[in-house]
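[1] Got a predicted model here, sequence first, then my questions.
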Amino acid sequence: MTQSANASVYEVQHTLLRQPFQWHPKVSDVVGESSNITVCRNSVQGRQLIVDERGYICYHEGLTSGGCCSAQLGVSRYNCSTCKNNGCCYVYEHCISCCLEPQKKPILQRILQEARDNKEKLLVSVSDPFELCLAKCRTSSKSVQHENSYRDPSAKYCYGEDPPELQLVAT
């Protein structure tokens, strides 16, 4: 093993695996329009939709100055409307929102444990459910077949333990 490989293994075993993971949100569930401005992390990248770290989905214009989805603009929370039973979703923001649902905690705990056991740097370096859901919902190598096509082109954003179901494409 090279010196850099040894350093990488050491980093995973002694730094990342000991990183504290916070299950409780750092921000309030309620964002009012009062002088107390709550700051949220959000998914940033969506063309139309954004999901904040509390699991709320909104359009860009529905973001408060602190980056949270405004409760006054009819946002939805823990939206799984485009997600299948296997945890794969048609919409990236729905994947994150659904993943953040409190009932998904046992799934996320198993994913974290498996990541620790397999020393997966990306997943063991996250510090809370929002970061874990962001990482899981990005398309991954588990979402593709033959390195050039999605296993399920419509539901490619997955937070679950299993890869998307393989869809046969008619040619």
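    Now that the structure is in, tell me what you want to look at.
[2] quick one, domains of the chain?
    Annotated domains of the chain cover 28-77, 82-159 [automatic domain parsing].
[3] could the ones you listed be laid out in a markdown table, adding mean pLDDT and mean neighbour count?
    Placement of C-beta: from N, CA and C, glycine included. As requested, the domains of the chain are exported to a markdown table (pLDDT from 0 to 100; neighbours: other Cβ atoms under 10 Å):
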| stretch | mean pLDDT | mean neighbour count |
| --- | --- | --- |
| domain 28-77 | 81 | 17 |
| domain 82-159 | 85 | 18 |
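[4] Using JSON lines, please lay out these together with distance to residue 21.
    Shown next, in JSON lines, are the domains of the chain (distance: least, Cβ to Cβ, whole Å):
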{"stretch": "domain 28-77", "distance to residue 21": "14"}
{"stretch": "domain 82-159", "distance to residue 21": "6"}
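[5] what's the closest of those domains to residue 22?
    For the domains of the chain, proximity to residue 22 was assessed by Cβ to Cβ; domain 82-159 is nearest, at 4.7 Å.
[6] Which secondary structure state does residue 58 sit in?
    Here residue 58 is strand, with the state taken from DSSP: H, G, I helix; E, B strand; the rest coil.
[7] So in terms of bridging, what pairs with it?
    residue 50 (DSSP bridges).
[8] when you give positions from now on, start the count at 18
    Sure, I'll start counting at 18 from here, so that last one is residue 75.
[9] Quick check: it touching residue 89?
    No - counting by Cβ atoms under 8 Å, residue 75 does not reach residue 89; the two are 10.2 Å apart.
[10] What are the boundaries of the helices in the chain?
    20-31, 109-116, 122-134, 138-141, 146-154 (DSSP state H).
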